[in-house]
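> attaching a predicted model along with its sequence, questions to come.
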Amino acid sequence: MTDTNTSAGGQAASEQEIRNEVRTWLEQNWDPNLSLLEWRKKLIDSGWGVPAWPKEWHGRGLTIGLGDAVDDELRKMGAVSVAKTGVRMLAAATILEHGTDMHKEKFLYQLLTGEDTWCQLFSEPGSGSDLAGLTTRADFDGENWILNGQKVWTTSAHHAKYGMVLARSNWDVPKHQGMTYFLIDMDQPGVEVRPLRQMNGHASFNEIFFTDAKIAPEFMVSKEGNGWKVAMTTLAHERRLADGIRSWGRGDKGTGRVYDEQKAEIATVMEPYKWYPQRAGRVDLLIERAKATGKYDDPTVRQAIAKVLIMAKAAEWTGRRVKAAHALGRQPGPEGSLGKLAGSQVARLAAQAHTLIAGADAMLTSEDGAMDGLISEILVSVPAESIAGGTDEIQRNIISERGLGMPKEPRTDVDRPFRDVPRNTVG
Amino acid sequence: MQYTFSDEQEEFRLIVRRFMDDKSPTTEVRELMATDQGYDKTVWKQLSQELGLPGIHIPEAYGGQGFGFIELCIVMEEMGRALLCAPFFSATALAATAIMSAGTEEQKLTLLPDIASGDTLAALAYNESSGHWDPASTALTATPTDDGYVLNGAKSFVVDGHVADLLIAVARTPGTSGVYGLSLFSLPGNSGGVKRRLLQSLDPTRKLAQIEFDNAPATLLGESDAGGTTLPHILDLAAVALASESVGGAQKMLESSIEYAQLRMQFGRLIGSFQAIKHKCADMFLEVELAKSAAYYAAAAAAEQAPDFPAAASLAKACASDTYMKAAQECIQIHGGIGFTWENDTHLYFKRAKSSEVFLGDPNYHRDQLVLRWEN
Ligand SMILES: Cc1cc2nc3c(=O)[nH]c(=O)nc-3n(C[C@H](O)[C@H](O)[C@H](O)COP(=O)(O)OP(=O)(O)OC[C@H]3O[C@@H](n4cnc5c(N)ncnc54)[C@H](O)[C@@H]3O)c2cc1C
Ligand SMILES: Cc1cc2nc3c(=O)[nH]c(=O)nc-3n(C[C@H](O)[C@H](O)[C@H](O)COP(=O)(O)OP(=O)(O)OC[C@H]3O[C@@H](n4cnc5c(N)ncnc54)[C@H](O)[C@@H]3O)c2cc1C
């Protein structure tokens, strides 16, 4: 199956060429007995690790559709990919778009090898949806930027070497104009990371305290006061990536050193993401579970499963439709922003169907629960889906205002210096 | 798999849309829906001669345009958007599809060219008063005679059956049951022994007829007893065509909602600035886009004869039916009191959505089919 239009002959042919080329390269180079690091370096250097990235920065400048075709070939071969799940890809997209050459040189390679892990330091106790209302302060002392304040819900910060941080550098202008975006070294005395336990028992996010943390001026991204614009790039990619999280934290199957080391990686730095597939609802398990439990014979259960399948497949096809149109060089329409909202509805419907299938077992967890607790993990992880990365309500605001052109609500927080805007007292 | 339309297909859609905008404004829809005939002969002639729509998916060898099922679905979508009152769904999407799937080569050569040219209106007489969509529920009998068959029994919910020149009827050999002994037959609409009655339909833009057969002479279409194998595919194709039409209507409801929300002031603001309305519109947009993707995928799966077509057809029908109904409901809601008036056009779509919701199987039926047909 290809992403491209069958009648667009040229495009389809070049996809086949690309697929052949990767396959040949993989046949000559893929070796499961290499170390994970050796293999990833080889893959990055070949340009097949992130083929949709620019040629100067480890890629081949291919379209996203063709990049997906390359990934598909890697999957078919069972070859491990570069490190490209988790928050790291948000950092990469932001650096590629707004970073300096020094940023790209210093950060991109180790990000892809998996040596460096990243975190996104946006949300604060006093401002989540209203990201532009943040109060972490950045002051320039003549030599460095000095950071003070608190961030929260920061996924993976306990493993992260670097962070993308948005802070307020000017309190005398309207809220969106006073923020600056930095890349911060997490390994320093002014940064304290405390894990937070979630309702599903995992502790993948954290709270972070900055006390005179230092950032050298060259690690500012774009200009002082331009942080909002840069943050929008990060968030746009987060919305897009939301679609892929169902595979985060899942390893490839195979034997060899590379797989063993990938398993170790998943158990450590990828550990925060191990419940992410469950968070997306595990649609893949529904029919299998219904058959295994005998609930398949119950028409009300089939109705519940069908509702999930309809949403999930239609959302998947919408994604492919958007990509196929993009491959034909058409302007993206607002339908590209629907994936995240669809995803949280799929997750909820899936949790409902899993509950019906599990029956009384839905009351149990861990080893006593269905599938050794995997099903209960779905039930208590799905609520994250409609919050993380921007709540459903915020998605609907964005879709209706930017996608459908509907009028904004009257606001009282944007027409005055941030100093005078009412805000939470916490934080 | 084709996930989006080619430039040529997009171009074709624009041509059809322009025609519909021109010929099927709601003032026209309202006039036609009040007539028994239900369509405008002049517009039908233009649509046939200028655009060749009735033969859109009929191969050139049988006098058609030789396009595929995707193009047929584009036409359905645009007609649904404009609520066109014309016997296209009945003649082309249902009857011609049935003849193409079940007829012999000779029958295709005889029957299809006149449907393709728009000269013959054909209708598929499948459903009966039981309202079941399962072929096994067929009760109409076909008894062999010296020179053919005679039909006895009744059909109902036959789209445009009251004006059809040609009827394609599903009947069973007396004494058979289930999916065995089912065959398709053709007969002129005005044959002796055929009594037709226009039903009073909730959706006046889609005419439904009841047809009684009293020893009505008919010709076997294709092979005897093959209905059990040909019908499911014919019905799946019909369901996807109807899903495409629903998607067109649902899109119109979304546009109409947004438009009104940007005109109407209450409490000193446009109602479109209230989040309760904005979020409704965002949800409608999501659902309409998903339903489009489902209908487009199913149409492509039909065109490419993909193995998951039956599941995709049921998925698309269930999804599009629910989406159209919900969009029409929300559109009335966003219009407030005006939305409940006869004068406002929304109810025309609401009623089409309602009849499309149950025609060819309601969402519950298709959801069940979807799971049973799912092969992973
Ligand atoms: C699993 C998980 C991982 C996360 N990882 C990270 C991370 O790595 N980095 C990071 O920076 N953040 C992260 N977050 C934080 C996440 O981005 C925020 O929780 C989210 O944006 C909502 O902010 P909030 O929690 O402050 O809720 P609030 O903004 O206080 O929202 C509370 C409720 O009010 C609603 N609401 C708020 N504003 C409006 C409005 N204008 N219109 C209508 N309703 C509104 C919201 O939809 C919500 O229902 C993570 C969250 C979760 C659950
Ligand atoms: C069957 C029927 C019988 C009626 N009988 C009577 C009667 O006997 N006497 C009488 O005086 N009236 C009667 N009405 C009128 C009825 O009270 C109004 O239709 C109703 O109050 C809505 O007002 P509207 O039609 O002007 O819609 P609008 O107020 O224009 O509303 C349009 C849409 O915007 C929404 N909206 C408006 N303001 C807000 C807001 N602040 N926040 C969120 N959404 C908003 C509405 O919910 C609606 O969806 C009747 C209406 C009907 C349908």
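Okay, I see it. Remember, predicted model here, so these are calculated numbers, not experimental data. Residues are numbered from 1 along each chain as shown, chains lettered A, B, ... in the order given. Ligands and ions are numbered 1, 2, ... in the order given.

> what bridges to residue B:188?
residue B:166 (DSSP bridges).

> verify the contact between residue B:56 and residue B:71 for me.
Yes: in this structure, residue B:56 is within contact of residue B:71 by Cβ atoms under 8 Å, at 5.4 Å. (Each C-beta comes from the backbone N, C-alpha and C, glycine too.)

> more neighbours, those two?
residue B:56 (26 against 22; other Cβ atoms under 10 Å in any protein chain shown).

> quickly note the distance from that one to residue A:295.
44 Å (Cβ to Cβ, to the nearest Å).

> okay, and the common contacts of residue B:56 and residue B:71?
Counting by Cβ atoms under 8 Å, 6 or more residues apart in numbering or on different chains, the common neighbours of residue B:56 and residue B:71 are residue B:65.

> helix or strand: which one has the closest residue to chain B within the stretch 101-250 of chain A?
The minimum distance from the stretch 101-250 of chain A to chain B, using Cβ to the nearest Cβ, falls at residue A:129 (12.8 Å). For residue A:129, there is no host helix or strand (DSSP states H and E).

> phi first, then psi, for it.
Main-chain torsions, residue A:129, degrees, to the nearest 10: phi -60, psi -40.

> so what's it up against?
A:390-391, A:393-394.

> and whichever residue of the stretch 201-350 of chain A sits closest to ligand 2, how many residues sit next to it?
Closest to ligand 2 within the stretch 201-350 of chain A is residue A:341: 20.4 Å, counting by Cβ to the nearest ligand atom. Counted with other Cβ under 10 Å, residues neighbouring residue A:341 total 24.

> who are the packing partners of the host helix or strand of residue A:195?
According to DSSP H and E, residue A:195 maps onto strand A:191-196. Taking 3 or more Cβ pairs under 8 Å, 6 or more residues apart in numbering or on different chains; DSSP states H and E as contact, the helices and strands that strand A:191-196 lies on are strand A:145-155, strand A:205-215.

> try it again at 7 Å.
Secondary-structure packing of strand A:191-196 (3 or more Cβ pairs under 7 Å, 6 or more residues apart in numbering or on different chains; DSSP states H and E): strand A:205-215.

> could you list the residues in contact with the very next helix or strand once past the strand it packs on?
With elements assigned by DSSP H and E, the helix or strand that comes after strand A:205-215 is strand A:220-221. Here strand A:220-221 makes contact (Cβ atoms under 7 Å, 6 or more residues apart in numbering or on different chains) with A:94, A:98-99, A:145, A:180-183, A:230.

> grab the nearest non-local neighbour of whichever residue of chain A sits closest to ligand 2.
Closest contact between chain A and ligand 2, by Cβ to the nearest ligand atom, is at residue A:409 (10.6 Å). Closest residue to residue A:409 apart from its sequence neighbours, by Cβ to Cβ, 6 or more residues apart in numbering or on different chains: residue B:273 at 5.5 Å.

> cool, residue A:362 as well?
Residue A:362's closest residue in space is residue A:355 (Cβ to Cβ, 6+ apart), at 4.8 Å.

> now the helices for chain B?
Along chain B, counting by DSSP state H, helices occupy B:7-23, B:26-33, B:41-49, B:69-82, B:88, B:97-102, B:105-116, B:227-261, B:275-303, B:309-335, B:346-358, B:363-373.

> the fifth one: how far from the chain's middle?
When you say that, I think you mean helix B:88. Mean-position distance between helix B:88 and its chain equals 8 Å (Cα atoms, centre = their mean, to the nearest Å).

> point out the least confident one among the contacts of residue A:129.
Within the set of these, pLDDT is lowest for residue A:390 (91).

> which element follows the worst-scoring helix or strand of chain A on mean pLDDT toward the C-terminus?
Taking mean pLDDT, DSSP states H and E as the measure, the helix or strand of chain A with the lowest value is helix A:9-29, at a mean of 83. Downstream of helix A:9-29, the next assigned helix or strand under DSSP H and E is helix A:36-46.

> what is the neighbour count of the nearest residue to residue A:348 once chain neighbours are set aside?
Of all residues not flanking residue A:348 in the chain, residue A:382 sits nearest, at 6.2 Å (Cβ to Cβ, 6+ apart). Counted with other Cβ under 10 Å, the neighbours of residue A:382 add up to 24.

> ok, now residue B:28?
17.

> so it versus ligand 1, what's the distance?
42 Å (Cβ to the nearest ligand atom, to the nearest Å).

> measure how buried the residue nearest to that residue when sequence neighbours are not counted is and give me the count.
In space, and not counting its chain neighbours, residue B:28 is closest to residue B:40: 7.3 Å by Cβ to Cβ, 6+ apart. A count of nearby residues for residue B:40, using other Cβ under 10 Å, gives 19.
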